[in-house]
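S.K.: Quick one, structure for this:
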Amino acid sequence: MPRVFFDAEGETAIEREGWTYEVHEVPDAIDLYGDALSWTPFRSAAHAWSAGRLLAHVHCAAEGFDAAPRKPRPLVASLTIFAGDDPNEALRHYLAARVALSQHERVHECAHEALALLAPFHEELQPLLPALEPLWTHNDLHASNLLWSNSGDDAAAISAIDFGLSDRTNAVHDLAHAIERNIVEWLKLVDDPAHPDNITVHMDHLHALLDGYESVRPLSEKERVALAPMVALCHAEFALSEADYFLGVLGSEEKARMAYDGWLVGHARWFHSNAGTRLLNSVRKWAADRTVQKEGS
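M.R.: Prediction:
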């Protein structure tokens, strides 16, 4: 990532009148996706491959950094609800720790609806959780949070920015977020929620992203198997955190409804559609094929 400068007292984070500032060096790279919204796809499979490779480098760099997870606050993509044996109890703690969510009846209804929809994926993930080593992760690696070598379809991802959603989760959780952010064109679901199978899923970018990642940091067999259910689960806490921000900071019920109903429930429901099932089955097949390849070599 672009280097952060220290002030005269050796601090990198400077507070002024309620705001916190950091000063970074100007990167020698292009903000190629600067105008792209989240959930905008890559422009090419080569971009997806390079993004996967850079994410793997981020994970390698984070190994050994053992700071505690972040405390409850808005706009953090954490992994606590599905990190143990009892998602219902974990959800209760999650909502209780956030005042704006704890007092909102509709948030509770949507959260429990999403939990029921996502239960099969947690059951698939649960026996694999002990194999997922804790790691500080980016949790928002989409194309517009990367800086690029040039403006061509063969551009390489040079560095990552915007670690605002980062937390101590695991590499599979972060890779699942990268898939969720870049491979599925969720904005079309917002425009046409009645036709979930019409949502574009970029399978060529999916496999390029995974190949790029494993060119640097090959996943273990259990990490690969855990990836498909994690893709279905990873959005949940981010959606709730967005709702917490919209309700508690912006005071916008309209925007919050998009997070707790449209994103949380809508995305959970989509993973039971034909299109969502095809995506998860494609990840499962990739995991099985890679295991066979590893055993054969």
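S.K.: Nearest residue to the middle of the protein?
M.R.: residue 177 (2.4 Å; C-alpha atoms, centre = their mean).
S.K.: List of residues touching the helix ranked longest in the chain?
M.R.: Scanning the chain for the helix with the most residues, using DSSP state H, yields helix 274-296. Residues from elsewhere that reach helix 274-296, judged by C-beta atoms under 8 Å, 6 or more residues apart in numbering: 179, 183-184, 196-199, 201, 203, 206-207, 210, 214, 219, 221, 224-225, 227-229, 231-232, 270-271. The C-beta positions use only the backbone N, C-alpha and C, and glycine is treated the same way.
S.K.: next one: stretch 207-227
M.R.: Under the contact criterion C-beta under 8 Å, 6+ apart, stretch 207-227 has outside partners 45-46, 48-57, 59-60, 125, 128-129, 131-132, 171-172, 175-176, 178-179, 182-183, 283-284, 286-287, 290-291, 294.
S.K.: now do 6 Å
M.R.: With contact meaning C-beta atoms under 6 Å, 6 or more residues apart in numbering, stretch 207-227 is reached by 45, 48-49, 52-53, 55-57, 59-60, 125, 128, 131, 172, 283, 287, 290-291.
S.K.: Also stretch 241-255?
M.R.: 74-76, 98, 100-101, 256, 259-260.
S.K.: still on that earlier bit, alpha carbons of the longest helix of the chain, as PDB, please.
M.R.: The C-alpha trace of helix 274-296 is given here as PDB (Å, rounded to 0.1, in the frame of the first residue of the first chain):
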ATOM      1  CA  ASN A 274     -30.200 -20.900  -9.800                       C
ATOM      2  CA  ALA A 275     -27.600 -18.300 -10.500                       C
ATOM      3  CA  GLY A 276     -26.400 -18.200  -6.900                       C
ATOM      4  CA  THR A 277     -26.200 -22.000  -6.800                       C
ATOM      5  CA  ARG A 278     -24.200 -22.100 -10.000                       C
ATOM      6  CA  LEU A 279     -21.700 -19.700  -8.500                       C
ATOM      7  CA  LEU A 280     -21.200 -21.700  -5.300                       C
ATOM      8  CA  ASN A 281     -21.100 -25.000  -7.200                       C
ATOM      9  CA  SER A 282     -18.400 -23.500  -9.500                       C
ATOM     10  CA  VAL A 283     -16.300 -22.600  -6.500                       C
ATOM     11  CA  ARG A 284     -16.900 -26.100  -5.000                       C
ATOM     12  CA  LYS A 285     -15.800 -27.700  -8.300                       C
ATOM     13  CA  TRP A 286     -12.700 -25.500  -8.500                       C
ATOM     14  CA  ALA A 287     -11.800 -26.600  -4.900                       C
ATOM     15  CA  ALA A 288     -12.300 -30.300  -5.800                       C
ATOM     16  CA  ASP A 289     -10.300 -30.000  -9.100                       C
ATOM     17  CA  ARG A 290      -7.500 -28.200  -7.400                       C
ATOM     18  CA  THR A 291      -7.200 -30.900  -4.700                       C
ATOM     19  CA  VAL A 292      -7.000 -33.600  -7.400                       C
ATOM     20  CA  GLN A 293      -4.300 -31.600  -9.200                       C
ATOM     21  CA  LYS A 294      -2.300 -31.200  -6.000                       C
ATOM     22  CA  GLU A 295      -2.600 -34.900  -5.300                       C
ATOM     23  CA  GLY A 296      -1.600 -35.800  -8.800                       C
END
